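**Student:** Sharing a model that was predicted from the sequence below.
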Amino acid sequence: MGFPGTWMTESESVVYRVVPKCACSTIGQIMYYSDHGQFFDGDIHDAQSGLHKWALEGSQQPIAHNVQTHKSYAFTCVRNPYTRILSSFFDKICGIQRNGSRYRGNMVPMLVYKYGVEVGGDDGKQEFDQIASFRRFLLFARDTIRWRRPMDPDIHWSAMSGHVSTFISNGGQYDNIFWTETFNDGMQKVVDAIDTPHQVDLETVPRFNESEGHGPKRQHPVEDYFDDLSMHMVYEIYKRDFDLFKYDFENPANKMPTGEIDLDEVHAKLGA
């Protein structure tokens, strides 16, 4: 199994377990900058050098050795499940991707046909009922996660706890898990805890939101997208995320965490 989704600076100053839709573009660019004194020119997910990634064959041995010996500070970042699944919908389902095509080829046409999801036309810019369409997508996301039909769940809407757990179950240990909602505070703790070739000033780091502009703008407050049935489905899919990362299931309007993350609890429950 190894350590899928794990990135590490070439200087081995820090190790990061990527959780999709949780500021991963910005975090990756900060890591890249901390080694090279400049940001990667393009989407950091496309970088084939300058940063160790588990997906790159030459990086696997150094990452595995580092993680298993807990040589470097290791962290990840999480996000409110309500806003994360909404972001996935607007970016991956309604949006046109960097390559000018729909995400995952025929997935969106299948969603339109089987689930009645609307996505704003061929260019994603036409008016449509965002709330009704999102709730239909939520049915699809639940089906992929619960029954792996009509396809396996996508990394962008599979539970955060699943991403976080692979790192632990293969011998890794987190020093910090922080929230996207308090990004600067959380990332500052990481920066303060590590020694890097180049100093990082978080106040001057741009936000590398690579999904920005892919899809239509959200027209309603977060809570409007979730009725009782939608909330029930979200809880069914993400119960562990709400519980472990201390988010408020009862109130979709409250994106902020309600308590501190207990790292011991996370390691115990996700490493079992």
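**Tutor:** Ah, there it is.

**Student:** Need the mean per-residue confidence for the helix or strand hosting K189.
**Tutor:** Using DSSP states H and E, K189 sits in helix 183-193. Average pLDDT, helix 183-193: 97.

**Student:** List the buried residues in it.
**Tutor:** Neighbour counts over helix 183-193 (16 or more other CB atoms under 10 Å) mark 183, 186-187, 190-191 as buried. Using the backbone N, CA and C atoms, a C-beta is placed for each residue, glycine as well.

**Student:** Tell me the first helix or strand C-terminal of that helix.
**Tutor:** Per DSSP H and E, the helix or strand that comes after helix 183-193 is helix 228-245.

**Student:** Packing partners of that next one?
**Tutor:** For helix 228-245, the contact count by 3 or more CB pairs under 8 Å, 6 or more residues apart in numbering; DSSP states H and E identifies helix 81-88, helix 130-147, helix 160-169, helix 263-270 as packing neighbours.

**Student:** now I177, what's its secondary structure?
**Tutor:** With DSSP: H, G, I helix; E, B strand; the rest coil as the basis, I177 sits in strand.

**Student:** repeat for Q173
**Tutor:** Q173 ends up coil, using three-state DSSP.

**Student:** was I right about it contacting A74?
**Tutor:** Yes: using CB atoms under 8 Å, Q173 is in contact with A74, at 6.5 Å.

**Student:** out of these two, which sits in the more crowded spot?
**Tutor:** A74 (22 against 13; other CB atoms under 10 Å).

**Student:** quick one, what contacts the more buried one?
**Tutor:** 14-17, 67, 167, 172-176 (CB atoms under 8 Å, 6 or more residues apart in numbering).

**Student:** State the phi and psi torsions of the residue nearest to it when sequence neighbours are not counted.
**Tutor:** Using CB to CB, 6 or more residues apart in numbering and skipping the chain neighbours, the partner closest in space to A74 is V15 (4.2 Å). Main-chain torsions, V15, degrees, to the nearest 10: phi -120, psi 140.

**Student:** Check I93 too.
**Tutor:** Torsion angles, degrees, to the nearest 10, at I93: phi -90, psi -50.
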